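Colleague: Structural data only, the sequence is not supplied:
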């Protein structure tokens, strides 16, 4: 299994541009989520999904959209990039956050810079 | 709102010593906690978890202690090695009906001195 994969690894955007961060997992996990991590800080939950067709907001959802059309993929869209969105973005997945095991598998991260 | 936080942002220990990383949580309803390790340039990696019906859980060289009375969680690493140098996060499950969320604390940097 490849686990959780994220693309791209690095991205530079200009203010106002839009883009999609890709996340895929091949472990048939139901639960997927997106976090951002700012320097010297913990991970903050942006959006999450408990299964295909179901998404919900996390702690910091503004400026981001998600969709979950398949179990495998969970893309994160930046609608109009702002310098405040400069961060490292992590995607994670687990079997089910309701299953009793909450071990999440994280991707390698996407480092985004907005100028 | 409710949150998970850490007492110490950095912890420096000598190789071979035991390390103790602390975490305070404010949501008394939380009943599931996880410790993650994040090495530089990588995503977080699951270390160990504990439920509120337990006070202690042991893994390989790691022990998690839970004190529900004072809402405190700790991660003990025995015989700390250079490879243990990383940022350690505690996280809690916040329950929201049909959907639960995993919320992370700020993190503690563990620096192991040779």
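Modeller: The structure has been received and is ready for your questions. These numbers come from a predicted model, not from an experiment. Numbering: from 1, shown residues only, chains lettered A, B, ... in the order given.

Colleague: mind listing the strands for chain A?
Modeller: A:4-7, A:10-13, A:19-25, A:31-37, A:43-51, A:54-57, A:64-66, A:76-78, A:87-94, A:105-106, A:110-114 (DSSP state E).

Colleague: if you compare those, which one is most tucked away?
Modeller: Scoring these by mean neighbour count under mean count of other Cβ atoms under 10 Å in any protein chain shown gives strand A:31-37 as the most buried, with a mean of 26. Where C-beta positions appear, they are placed from N, C-alpha and C, glycine not excepted.

Colleague: quick one, what contacts whatever residue of chain B ends up closest to chain A?
Modeller: Nearest to chain A, among the residues of chain B, is residue B:43, at 3.1 Å (Cβ to the nearest Cβ). Residues in contact with residue B:43 (Cβ atoms under 8 Å, 6 or more residues apart in numbering or on different chains) are A:4, A:90, A:92, A:106-109.

Colleague: how about TSV for those residues, with pLDDT and distance to residue B:86 added?
Modeller: TSV is the format used below for those (pLDDT from 0 to 100; distance: Cβ to Cβ, whole Å):
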residue	pLDDT	distance to residue B:86
A:4	95	19
A:90	96	15
A:92	93	17
A:106	92	13
A:107	94	17
A:108	93	15
A:109	96	15
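
Colleague: Residue B:94: which of those residues is nearest?
Modeller: Distance to residue B:94, by Cβ to Cβ, is smallest for residue A:92 among these, at 15.5 Å.

Colleague: on that earlier part again, nearest approach to residue B:53 belongs to which of the strands of chain A?
Modeller: Smallest distance to residue B:53 across those (Cβ to Cβ): 20.9 Å, for strand A:87-94.

Colleague: That closest one and chain B, any residue contact?
Modeller: Yes: applying Cβ under 8 Å from any Cβ of the partner chain, one finds strand A:87-94 in contact with chain B at A:90, A:92.
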